[in-house]
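> Sharing a model that was predicted from the sequence below.
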Amino acid sequence: MKLDYLIDTNILISLFNQELTQPIPNGNIGYSVITSIEILSFKGLSSQEDNLIRSTLKTLIEVSLDTTIAEKTIQLRRKYSLKMPDAVILASA
């Protein structure tokens, strides 16, 4: 499935904190598996917050790691010295 947008962790955090200044656009919206790991691993996350995050993620398209994304991640890290999570998310886009 073709994605129109791939959202990053900071967008989801802003959404849950009701800090977005513009609505998320309509379309096929995805997120990297790294984003789900990042947002669900916050220390002190309540079970209510965990449930809200998980139910929201179920409405979006998860982009899993595959060989293509792994190779693109390697290229991005070599060229730009990005941190692993950022490189994976960028490669997923």
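Done, it's in.
> Please count neighbours and contacts with C-alpha atoms only from this point.
OK.
> What's the end-to-end length of stretch 76-85?
11 Å (CA to CA, to the nearest Å).
> Now do the buried residues in that stretch.
By neighbour count with 16 or more other CA atoms under 10 Å, stretch 76-85 contains the buried residues 76, 85.
> Then stretch 40-56?
Neighbour-count burial for stretch 40-56, counted by 16+ other CA under 10 Å, picks out residue 53.
> now the end-to-end length of that stretch.
Its start and end residues considered, stretch 40-56 measures 12 Å (CA to CA).
> Then stretch 11-26?
Separation of the first and last residues of stretch 11-26 by CA to CA is 15 Å.
> Make 480 the starting number, not 1.
With 480 as the first residue, the last one maps to stretch 490-505.
> What is the distance between that stretch and the centre of its chain?
13 Å (CA atoms, centre = their mean, to the nearest Å).
> how far away is residue 494 from residue 554?
Residue 494 is 31 Å from residue 554, by CA to CA.
> for this protein, what spans make up the strands?
According to DSSP state E, the chain carries its strands in the segments 484-486, 508-511, 540-542.
> Report the buried residues of the second one.
Taking 16+ other CA under 10 Å as the neighbour-count basis, strand 508-511 is seen to contain the buried residues 508-511.
> From the contact counts, what lies against it?
Under the contact definition 3 or more CA pairs under 8 Å, 6 or more residues apart in numbering; DSSP states H and E, strand 508-511 sits against strand 484-486, strand 540-542, helix 563-571.
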